[in-house]
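Dropping the sequence and predicted coords here.
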Amino acid sequence: MATITHIELRMVDLAPKVKRTDAIQSFVSQETPIVTVYDSDGASGTGYSYTIGTGGPSVMALLEHTLAPQLIGRDPSRIDGIWRDLMFSTHATAVGAITSLALAAIDTALWDLHCKKVNLPLWKAAGGNRDRIPLYSTEGGWLHIEPAALVDDALAMQEKGFRGSKIKIGSTHLSQDAARLSAVRNAVGDSYEIMTDANQGFSLSEAIRRASILEDYKIGWFEEPLPADDVAGHVELAKRTSVPIAVGESMYSLSQFKDYLQMGAASIVQVDVARIGGITPWLKTAHLAEAFNVMVCPHFLMELHLPLVCAIPNAKWLEYIPQLDTITAETMRIEHGHGIPSDTPGLGINWDWQAIDALSDVVQITEAG
């Protein structure tokens, strides 16, 4: 039986290539914790998570001082057992973003190691339901972008074979949001999907008011209309509109998704593999959604979500926002507007270690905590 011998911790801070704004915040940088786990057979697996500009050092401290030392001597193939032990060891700080982001970096590394040792790509090891997924683009739809530029980007993505674009909403007045959506809809036609995202920016009354505008433009979904902890508000909103309600990027446990699904508060699940705590709870959430006949359209992390949405039967879209180009040796494969998962054993991410090492320091963990 192989055991974990040591762990390497790094954090790379990646600047977005474009300005990213929404109704409540700006995406200032992508702090990217990277964890590499080594076993006694000489094999290794690498995983990661992210922040949008704050909290990265806290994630790294939790990894270095609390979580990573507990891996030494463990059987790396017991992924679910390790995840549960690590979660319990942090019960006083869970459920929450810092703990989940740290757990995700370890869990994705263990899955990468496992897939390499069984000689399977993640998309097959986790289910193997499809070998491609349609893409929609978010990168050209940020809130500060003027209608003409929104149109130019949507038309460019449509020309590339993409099936949809996401437009951020939450302008001062609904007329401004309507102008943005009208411009894009008139340009791309009815068969091209337009998704919207309010990033938790509305009150219930305002969300109900703006949902009527979204119906006019045949919007694909209304994402994060309300604060994520307002389950009752989402239930009420879902009753008032025909536009599908999408939630998930600001939820950190399987139980939170259970509450939404049981109460009919969401019809699209956007579970984020980093914020839910890794591949292990991500798959459980996806299968829970399947039991409710609800589609999974995950948030961000397209390179890691690509094999996961191809693994499950109830995925519909992959969100296109490039973020790893500067620290990987090759970009995600795209053909005719579809993401194609790698057949290389592991997560399918080809890390550029020279670039990573130039941007980070390495912390070695060799002793059990």
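Received the coordinates, thanks. Numbering: from 1, shown residues only.

and after whichever helix in the chain runs longest, which helix or strand comes next?
Taking DSSP state H as the criterion, the chain has its longest helix at helix 97-117. Remark: after helix 97-117, the chain's next helix or strand is helix 122-125, criterion DSSP states H and E.

Would you enumerate the residues in contact with the closest residue in space to residue 180 that isn't next to it in sequence?
Nearest residue to residue 180 in three dimensions, chain neighbours excluded: residue 147, at 5.3 Å (CB to CB, 6 or more residues apart in numbering). Any C-beta I mention is one placed from the backbone N, CA and C, and that applies to glycine too. By CB atoms under 8 Å, 6 or more residues apart in numbering, the contact list for residue 147 reads 179-180, 183-184.

Of those residues, which belong to strands?
Assigned to strands by DSSP state E, none of those qualify.

would TSV of these with neighbour count, distance to residue 317 and pLDDT be doable?
Formatted as TSV, the contacts of residue 147 follow (neighbours: other CB atoms under 10 Å; distance: CB to CB, whole Å; pLDDT from 0 to 100):
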residue	neighbour count	distance to residue 317	pLDDT
179	15	25	97
180	24	20	97
183	18	22	98
184	22	17	98
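
would you list those residues in JSON lines and tack on distance to residue 251?
Below are the contacts of residue 147 laid out as JSON lines (distance: CB to CB, whole Å):
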{"residue": "179", "distance to residue 251": "31"}
{"residue": "180", "distance to residue 251": "27"}
{"residue": "183", "distance to residue 251": "32"}
{"residue": "184", "distance to residue 251": "28"}
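
As a check, name the ranges of all helices in the stretch 151-300 of the chain.
174-188, 204-216, 231-240, 254-262, 279-291 (DSSP state H, counting those that start in this stretch).

Now do the last one and helix 254-262, the angle between them.
Which is helix 279-291. Counting by axes from the mean of the first three to the mean of the last three CA atoms, to 10 degrees, helix 279-291 lies at 10 degrees to helix 254-262.

ok, and what's touching helix 279-291?
79-80, 83, 107-108, 111, 122, 126-127, 253-254, 257-258, 261, 269, 271, 273, 276, 295-296, 298, 308, 311-315.

Now it: average pLDDT?
Summarised as a single mean, pLDDT over helix 279-291 is 98.

Which positions within it qualify as buried?
279-283, 285-286, 288-290 (16 or more other CB atoms under 10 Å).

Distance to residue 240 added to the residues you listed, as a markdown table?
Shown next, in a markdown table, are those (distance: CB to CB, whole Å):
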| residue | distance to residue 240 |
| --- | --- |
| 279 | 35 |
| 280 | 36 |
| 281 | 31 |
| 282 | 30 |
| 283 | 33 |
| 285 | 26 |
| 286 | 28 |
| 288 | 25 |
| 289 | 22 |
| 290 | 26 |
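
Tell me where the model's unsure across the stretch 1-150 of the chain.
Residues of the stretch 1-150 of the chain meeting the criterion pLDDT under 70: none.

Tell me where it has strands.
4-14, 30-39, 44-48, 133-137 (DSSP state E, counting those that start in this stretch).

show me what contacts residue 105?
So residue 105 contacts 33-35, 47-49, 59, 63, 274, 278 (CB under 8 Å, 6+ apart).

Kindly report the same for residue 360.
10-12, 34.

And for residue 302?
So, once contact is read as CB under 8 Å, 6+ apart, residue 302 ends up touching 318-323, 332, 339.

re the thing from before, residue 367 is nearest to which of the strands of the stretch 1-150 of the chain?
Closest to residue 367 of the strands of the stretch 1-150 of the chain, according to CB to CB: strand 4-14, at 8.9 Å.

Which stretches in the stretch 251-369 of the chain count as strands?
Going by DSSP E, counting those that start in this stretch, the stretch 251-369 of the chain shows strands at 268-269, 295-296, 318-320, 333-335, 338-340, 363-365.

Select, out of these, the one closest to residue 68.
strand 363-365 (4.4 Å).

Sheet-wise, list the partners of the closest one with their directions.
Sheet partners assigned to strand 363-365 using DSSP bridges are listed as strand 4-14 (antiparallel).

Put the alpha carbons of the partner strand into CSV.
Output of strand 4-14 as CSV, limited to C-alpha atoms (Å, rounded to 0.1, in the frame of the first residue of the first chain):
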residue,chain,number,x,y,z
ILE,A,4,1.7,9.9,1.3
THR,A,5,5.3,11.0,2.0
HIS,A,6,5.3,14.7,1.4
ILE,A,7,3.4,17.7,0.1
GLU,A,8,4.4,20.9,-1.7
LEU,A,9,2.4,24.1,-1.3
ARG,A,10,2.5,27.1,-3.6
MET,A,11,0.4,30.1,-4.3
VAL,A,12,0.4,32.0,-7.6
ASP,A,13,-1.3,35.4,-7.9
LEU,A,14,-2.7,35.7,-11.4
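
Verify the contact between residue 14 and residue 32 for me.
Yes. Under the criterion of CB atoms under 8 Å, residue 14 makes contact with residue 32 at 5.9 Å.

So for these two, which residue has more residues nearby?
residue 32 (24 against 16; other CB atoms under 10 Å).

ok, the more buried one touching residue 12?
Yes. Between residue 32 and residue 12 there is a contact under CB under 8 Å: 4.7 Å.

Sounds good, over and out.
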